[in-house]
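Student: Sequence first, predicted model second:
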Amino acid sequence: MNQSKMRRVLITGIGIVAPNGLGRERYWETILNGPSAIGRITRFDSSSYPCQIGGEVDDALLDDAVEPRKQRTTSHATRMALLASEESLRDGRFSLEGRAPESVGVAVGTALGGWVDGEQQYGILLERGARRVNPFLVSGAGNHGPGIEVAAAVGAQGPQVTFSSGCPSALQALGYGASLIAAGTVDACLAGGTESPLSPMVVAALARTQELSTTNDDPQRASRPFDAQHDGMVLSEGSCFILLESEESVLSRGGHVYAEVIGGISSCDAQGMYGFDAIGDAGGRAIHRVLRSCNLTPDELDYVCAHANGSPAFDRKETLVLKRALGEFAARVPVSSIKGVLGHPFGASGAFQVAASALAIANEIIPPTHNLVSPDAECDLDHVATARSMRIRTALVTSYGYGGLNSYLVLRRAS
């Protein structure tokens, strides 16, 4: 985004549905001070699985917020998205009343969508026959379902787009939403992600490829981004939506602003589904380009909210990419990951990171990387292990995924 020619994009609302509870305040308190939201999986019997832990949302929150008909016709991921988007509008004190409905868009990221619901219904098909399968499965459980239902719930008739590119999905959705506002296509956009990956098949498959933590006896310390003892990611479910608005829209109603979105970019290592760029060059070049488009130099970057999910491969890649992008300044920029307490909500994770970064800018505190005791020797940057008070002018949010996907969003303090 060329800021000299396009409208400013401001973050004015944050909606959270997470394993640690509902709402912005609860989320911020947890990522600052804990405790971890990771526990034993209860959605199915995982006792025979190598990984038996995850971050589960309390479904009582959804039962109270989503009408019975929607509970039958929508996926678990969609129900979380409906509540998170509602929370975002409430937090931003935003209403479509008096606005042209086409002036508001919706952009959603999800990697798996209604996978867990499809898996459940397949079990019903095998056990009880075709007549007992939920007739709304095909339409309701698709990855496009959350965006359609969110748009309908709020009455947004502008662009409605779903991104499903793995872990970077939500960050790409936010970048797209910001670009719509910057270009003048819409005045506001509900953008974010939702994910429900705690299914028997997903956990079993990822455990077989040894990508999940097996620290089953200590769930709250199992997710260890950047730590020498990191042994894999810990899956979690949840939804986070960010209300993006043009400066003109915010001024017209006197809205509160957390931060400004000033740029975004994505790239690919092009090394196949399970390969990485060994030197971090593709990701590093992308960061260099997005900083340049924002008229920033590496020494002007104050904070990196890292993708780091406790997987040694991803944690080490992130370090290489930052070194490649920032050169000598890489060692001076504070870096932290929120996934020590949140776990890894796959395609929704980028939205949770944007929320954390916007709150860090607004509150002048960098959230710590929980469970970081002794950094991996290959993760040798300024990894923040305890909350750090600091005035943050600019923040980089990073997201990485299978297939060597790299996505970035740049935030700054709104003046």
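Tutor: Looks like it came in fine.
Student: mind listing the strands for the stretch 201-350 of the chain?
Tutor: Using DSSP state E, counting those that start in this stretch, the strands of the stretch 201-350 of the chain run over 238-246, 259-268, 303-305, 334-336.
Student: Name the residues that touch the last one?
Tutor: I take that to be strand 334-336. With Cβ atoms under 8 Å, 6 or more residues apart in numbering as the test, strand 334-336 has contacts from 226, 302-306, 322, 366-369, 381-384, 388, 390. All C-beta spots, glycine's among them, are computed from the backbone N, C-alpha and C.
Student: Going through those residues, which ones are buried?
Tutor: 226, 302-306, 322, 366-369, 381, 383-384, 388 (16 or more other Cβ atoms under 10 Å).
Student: just those residues now: which is nearest residue 9?
Tutor: Proximity of the buried ones among the contacts of strand 334-336 to residue 9 (Cβ to Cβ) peaks at residue 305, which lies at 17.6 Å.
Student: tell me the contacts of that closest one?
Tutor: Taking Cβ under 8 Å, 6+ apart, we find residue 305 in contact with 336, 337, 338, 353, 354, 356, 357, 360, 395, 396, 397, 398.
Student: Make JSON lines out of the residues you listed and add pLDDT.
Tutor: Output for the contacts of residue 305, formatted as JSON lines (pLDDT from 0 to 100):
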{"residue": "336", "pLDDT": "98"}
{"residue": "337", "pLDDT": "98"}
{"residue": "338", "pLDDT": "98"}
{"residue": "353", "pLDDT": "98"}
{"residue": "354", "pLDDT": "98"}
{"residue": "356", "pLDDT": "98"}
{"residue": "357", "pLDDT": "98"}
{"residue": "360", "pLDDT": "98"}
{"residue": "395", "pLDDT": "98"}
{"residue": "396", "pLDDT": "98"}
{"residue": "397", "pLDDT": "98"}
{"residue": "398", "pLDDT": "98"}
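Student: Okay, and residue 162 sits in which element?
Tutor: Secondary structure from DSSP states H and E places residue 162 in strand 160-163.
Student: Equivalent analysis for residue 29, please.
Tutor: Residue 29 is part of helix 24-33, with elements assigned from DSSP H and E.
Student: Show me which residues of that helix are buried.
Tutor: The neighbour-count check on helix 24-33 (16+ other Cβ under 10 Å) flags 24, 27, 28, 30, 31, 32 as buried.
Student: now swap in stretch 172-184 and tell me
Tutor: By 16+ other Cβ under 10 Å, the buried positions in stretch 172-184 come out as 172, 173, 174, 175, 176, 177, 178, 179, 180, 181, 182.
Student: And the residues you listed, which is closest to residue 265?
Tutor: Closest to residue 265 out of the buried residues of stretch 172-184 is residue 175 (7.6 Å), distances taken as Cβ to Cβ.
Student: what sits against the closest one?
Tutor: Residue 175 is in contact with 261, 264, 265, 266, 407, 409, counting by Cβ under 8 Å, 6+ apart.
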